[in-house]
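S.K.: Structure for this input, please:
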Amino acid sequence: NRQYVNKCPLGTGGDDANQMMLLSDMALAWDPDFRVHLEAFAADEAMLAREFGAAFKKLTELGCEGVLQPEVAAGGLAAAR
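M.R.: Numbering: from 1, shown residues only. Predicted coordinates for the structure are as follows:
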């Protein structure tokens, strides 16, 4: 897909020359409500690490109930084989 072609090859545009942003990434910058959070995390990497860590921990510890196939949820991966 042409929209994902790197328009600035390595060595021609500074440190961010090889950064790729998806449309979902750009939406964070374009939407004024999301941009507030984007700028706050960009200004404070320690806050980003804390907040991401807490959210990821919560996500992983809550499990996947209702997402997995019934045979996997009932007996683990071995039961699905």
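S.K.: quick one: the helices in this structure?
M.R.: Per DSSP state H, the chain carries helices over the ranges 23-30, 32-43, 45-61, 70-75, 77-80.
S.K.: need those helices in CSV with mean pLDDT, can you?
M.R.: Output for those, formatted as CSV (pLDDT from 0 to 100):
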stretch, mean pLDDT
helix 23-30, 88
helix 32-43, 92
helix 45-61, 90
helix 70-75, 58
helix 77-80, 50
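S.K.: can you put those helices in JSON lines and add mean neighbour count?
M.R.: C-beta: built from backbone N, CA, C; applies to glycine. Shown next, in JSON lines, are the helices of the chain (neighbours: other CB atoms under 10 Å):
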{"stretch": "helix 23-30", "mean neighbour count": "11"}
{"stretch": "helix 32-43", "mean neighbour count": "11"}
{"stretch": "helix 45-61", "mean neighbour count": "10"}
{"stretch": "helix 70-75", "mean neighbour count": "12"}
{"stretch": "helix 77-80", "mean neighbour count": "10"}
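S.K.: quick one: residue 57 and residue 50, what's the gap?
M.R.: 11 Å (CB to CB, to the nearest Å).
S.K.: meant to ask about residue 21, not that
M.R.: Going from residue 21 to residue 50 by CB to CB gives 24 Å.
S.K.: do the same with residue 23
M.R.: Remark: distance between residue 23 and residue 50 (CB to CB) = 27 Å.
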